[in-house]
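Student: dropping the sequence and predicted coords here.
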Amino acid sequence: MITRPDCPDAAALQENLAMAMRALGMPPDWPVRIDEAPALAGPELRVDGELVSPCFPAKDGVACPTCGATHDNPDVEIIRWHLAAALGKKTVLLLCSGNAVRSQMAEAIVNHVLGDQWAAFSGGIFPMMLWKPVVQVLKEIGIDARNRKSKHIELFLGCHFDVIISLCSNADDFCTAFPGQGVRKHMPFDDPMTSPFFGFGDLGRTRDLRNDMRNSLCDYLRGIP
């Protein structure tokens, strides 16, 4: 990491890096080199020599009071993708329409069960707030999802994934529109939010979805060399 010694955004970038490292199970004392460059316009993060930057520049960035430039720190998820690649992990992007139930749950399960080999990411076409039953049924199997946020698939447009899986039962055309490379797979799961019994039996349906995903998704990914 390279930064101006007086850059106010350096601490924010370091925190994003620390969060990405924790998500991958990397120890907090993992060696991170921080160099100071007084002439630099803003902090830079490089992983294996490659600059880590957002796929799209910020639309509402505020000029830095120190150097006058508009800094654009990369999202935690982008940093996590770069770190996962550097660690030699295979990567999978899981897509659904809202990134509120299915893809969120699938991401959490894959990282929990197969995190030693895979780094899972998720996104949606129309991101919505994470559905509360997801948090509860994941907690039952030892996964803390309380602070998870929905993400738009555009966040990952500059990333290459080994596998891209669409999970939408009725929106495969939308969810496979992601232009990234990699093996494409469609594994549709019903969305418990769209049940005609919404509000009744939500936990049961979400628990069934969790168990189904834990078996079928993990078995599929285990079979990929």
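Tutor: Everything's here; your move.
Student: where do the domain boundaries of this protein fall?
Tutor: Following automatic domain parsing, one finds the domains of the chain at 1-88, 89-222.
Student: can you tell me which helices and strands the helix ranked longest in the chain packs against?
Tutor: Assignment by DSSP state H gives helix 202-222 as the longest helix of the chain. Here helix 202-222 touches helix 102-114, helix 132-139, strand 163-168, strand 183-189, going by 3 or more Cβ pairs under 8 Å, 6 or more residues apart in numbering; DSSP states H and E. In this view, the C-beta of every residue, glycine as well, is placed from N, C-alpha and C.
Student: got the buried residues for it?
Tutor: 202, 205-207, 209-210, 213-214, 217-218, 221 (16 or more other Cβ atoms under 10 Å).
Student: make a markdown table out of these and add distance to residue 148.
Tutor: Formatted as a markdown table, the buried residues of helix 202-222 follow (distance: Cβ to Cβ, whole Å):
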| residue | distance to residue 148 |
| --- | --- |
| 202 | 18 |
| 205 | 19 |
| 206 | 14 |
| 207 | 18 |
| 209 | 16 |
| 210 | 14 |
| 213 | 15 |
| 214 | 17 |
| 217 | 17 |
| 218 | 19 |
| 221 | 20 |
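Student: and which of these is nearest residue 138?
Tutor: Using Cβ to Cβ, residue 210 comes nearest to residue 138 of the buried residues of helix 202-222, at 6.9 Å.
Student: now mean pLDDT and distance to residue 76 too, for the helices and strands packed on helix 202-222, in TSV please.
Tutor: As requested, these are exported to TSV (pLDDT from 0 to 100; distance: least, Cβ to Cβ, whole Å):
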stretch	mean pLDDT	distance to residue 76
helix 102-114	96	13
helix 132-139	95	19
strand 163-168	90	20
strand 183-189	90	25
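Student: let me have those in a markdown table, extended by distance to residue 28.
Tutor: Output for the helices and strands packed on helix 202-222, formatted as a markdown table (distance: least, Cβ to Cβ, whole Å):
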| stretch | distance to residue 28 |
| --- | --- |
| helix 102-114 | 18 |
| helix 132-139 | 24 |
| strand 163-168 | 29 |
| strand 183-189 | 34 |
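Student: let's have the buried residues of helix 202-222 in CSV, adding pLDDT and distance to residue 79.
Tutor: As requested, the buried residues of helix 202-222 are exported to CSV (pLDDT from 0 to 100; distance: Cβ to Cβ, whole Å):
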residue, pLDDT, distance to residue 79
202, 88, 34
205, 90, 34
206, 93, 30
207, 95, 32
209, 94, 29
210, 95, 28
213, 95, 26
214, 94, 27
217, 96, 24
218, 96, 25
221, 97, 22
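Student: which stretches of this protein form helices?
Tutor: With DSSP H as the criterion, the chain has helices spanning 10-23, 76-86, 102-114, 132-139, 172-175, 202-222.
Student: out of those, which is closest to residue 183?
Tutor: Taking Cβ to Cβ, helix 202-222 is the member of those nearest to residue 183, at 10.3 Å.
Student: quick one, that closest one and helix 132-139 angle?
Tutor: Orientation check (axes from the mean of the first three to the mean of the last three Cα atoms, to 10 degrees): helix 202-222 against helix 132-139 gives 60 degrees.
Student: report the angle between helix 202-222 and strand 163-168.
Tutor: 150 degrees.
Student: what comes into contact with helix 202-222?
Tutor: Identification of contacts with helix 202-222 by Cβ atoms under 8 Å, 6 or more residues apart in numbering yields 90, 92, 101-102, 105-106, 109-110, 113-114, 118, 131, 133-134, 136-138, 140-141, 163, 165, 185, 187, 189-190, 192, 195, 197.
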